[in-house]
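S.K.: From the sequence below, what's the structure:
(one chain, ligands or ions: 1)
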Amino acid sequence: MAVLVPNYPLAEAVLPKDASQGGPELCTAVLKAAVAALPVPSPASLERFQKQVQSLSQELTQRLLGISDLEERLIGIGNRDMMEANHLNHFRFLSAYLANPNPDDLVSTARWAIRTYMAHGFRPEYWRVMLPTALELLGKRLPKDVAKDIAPYYGFLAENLELLLPTPEEQPEASLGLTGSLPPLAARYLELLLEGDRRQASSLILGQAAGGMPVRDIYLDVFSPAQRMLGQLWQENRISVALEHFATAATQMIMSQLFPYIFAQGADQPRLDAGFVGCCVQGELHEVGMRMVCDLLELEGFDTWYLGANTPDKAILDFLAEKLRSGAGRTKPILLGVSCTIAQGVPFVERLIQALRSDARLPDVKILVGGLPFLRREDLWLKIGADAHARDAAEATQVVRRLAGLTEVGA
Ligand code: B12
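M.R.: Okay, here's the model as predicted:
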């Protein structure tokens, strides 16, 4: 099967005619090369597209809802809301992606989305109908020059769908059981949460803390892998959304119970002359990672202010300005940590960084970013103008020390 790059005959001509026969790696390499050959939209086209994302997604949903056997044939019974969310998510993803394009991201995200939605009951036929419909809408609803810039991306997905679908050999790792290959303590912790037993889960962790296990190890070696496994189980439709919410809420509850240990263990450390404000950008609901970063910095002797999920830019900047104005007790300099998990959030991180840089009240505030999109692309933090990036909460403590001028230990 040939990889097709709409309106891009040069790339089509240089790519092998049957990528799927070369195995998954060649297939991926060829798909990425094809994406790299797509035209990058002009800033004006991108801005126009971004403004239309909501209405395009609504119209796409309306068009699909008009199909009489939609659930039976395309999306699975009871999945209309999930389909609607998918439409908004993929238009938003594309508009964020095009601001910082990287072929690896497009191919891996398309594959991830198809596998996740298929695990929830969507059939390949859904994309065979949805992608050409989206393409048609782009042509109808966007001005001609804008559609010319954006449509090739949907054309690429539509025409190469068969190479993005899972192969028959690809199976979810159901045989590993629900806790997969987690280390024993994390596996036991997750088992208890999946049984709905947060009392026992809490006793297990508090028992470990009382026995001397450092909070840092509990965060990094128990909560983090358990949360990641939870995501995989949701992705493969092996646990309900409700159970995933329950388990995350329980983990946050148990993190709060560890606070006496955080302050006790932090009390051994000299307090440092620097403060850290941790936030999640607008639209970002994943807050556990940022909270861990703040807690581990607190343990190291920093004063931290954790602002939680989905915080508006202005609120963040005003908070920083207030901390600087009041001297925040004795803490100076002050740093901002920004967390982003969903790819669609990256333009919001960039916008926040720009707003901070042009805010006369905040001349010397350094910005550290983290979260999934920055793990996937090593250079992304630099591209969007941050001062640094850290891969996890442990590395964050070293990088914050360096940014605050407290030590030369490098990132
Ligand atoms: C819990 C959870 C949710 C909860 C979050 C609730 C809450 N109060 O936080 C809810 C239900 C809201 C949710 C919603 C969604 N989720 Co979710 N979620 C998760 C899950 C299972 C766990 C997240 C977590 O707690 N991780 C544990 C922490 C410790 O890890 P972490 O966030 O990576 O943080 C570490 C580092 O990244 C780093 N770090 C993080 N931030 C920062 C910041 C700085 C400054 C620094 C230095 C470092 C740093 O340090 C941290 C600690 O070491 C993940 C699975 C996963 N792999 O993480 C999916 C996951 C992130 N979710 C996913 C998805 C798709 C969604 C939704 C789009 C689903 C949907 N269709 O609605 C929505 C998006 C909502 C939104 N607008 O944000 C996907 C993302 C996939 C992708 N390709 O990007 C994942 C990976 C699940 C999966 N396997 O597919 N989710």
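S.K.: show me what contacts whichever residue of the stretch 101-250 of the chain sits closest to the ligand?
M.R.: Nearest to the ligand, among the residues of the stretch 101-250 of the chain, is residue 231, at 2.3 Å (CB to the nearest ligand atom). For the C-beta atoms, the positions are set from N, CA and C on the backbone; glycine is no exception. Under the criterion of CB atoms under 8 Å, 6 or more residues apart in numbering, the neighbours of residue 231 are residue 244.
S.K.: next one: the one 4 residues further on
M.R.: Shown here is residue 235, whose contacts under the criterion CB under 8 Å, 6+ apart are 112, 115, 116, 119.
S.K.: Can you turn the buried subset of those residues into a selection I can paste into ChimeraX?
M.R.: In ChimeraX syntax, the buried subset of these is picked out as below (16 or more other CB atoms under 10 Å):
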select :115,116
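S.K.: can you put the contacts of residue 235 in CSV and add pLDDT and distance to the ligand?
M.R.: Below are these laid out as CSV (pLDDT from 0 to 100; distance: CB to the nearest ligand atom, whole Å):
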residue, pLDDT, distance to the ligand
112, 92, 5
115, 92, 9
116, 92, 6
119, 90, 10
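S.K.: Kindly indicate which of the contacts of residue 235 lies nearest residue 34.
M.R.: The closest of the contacts of residue 235 to residue 34 turns out to be residue 112 (CB to CB; 18.2 Å).
S.K.: so which strand or helix has that closest one?
M.R.: Using DSSP states H and E, residue 112 falls within helix 103-119.
S.K.: Just the buried residues of that helix, please?
M.R.: For helix 103-119, the neighbour count (16+ other CB under 10 Å) marks 103, 105-107, 109-111, 113-118 as buried.
S.K.: Residue 316: what secondary structure?
M.R.: Assigned by DSSP: H, G, I helix; E, B strand; the rest coil, the conformation of residue 316 is helix.
S.K.: which residues sit against the helix holding residue 112?
M.R.: The contact list for helix 103-119 (CB under 8 Å, 6+ apart) reads 28, 31-33, 35-36, 82, 86, 89-90, 93, 97, 124, 126-127, 153, 157, 164-166, 170, 172, 235-237, 343, 373, 376-377.
S.K.: Now restrict the residues you listed to buried residues only.
M.R.: Buried members of these, scored by 16+ other CB under 10 Å, are 28, 31-33, 35, 82, 86, 89-90, 93, 97, 126-127, 153, 157, 164-165, 235-237, 343, 373, 377.
S.K.: Out of those, which are close to the ligand?
M.R.: Among the buried ones among the contacts of helix 103-119, the ones lying near the ligand by CB under 6 Å from any ligand atom are 235, 343.
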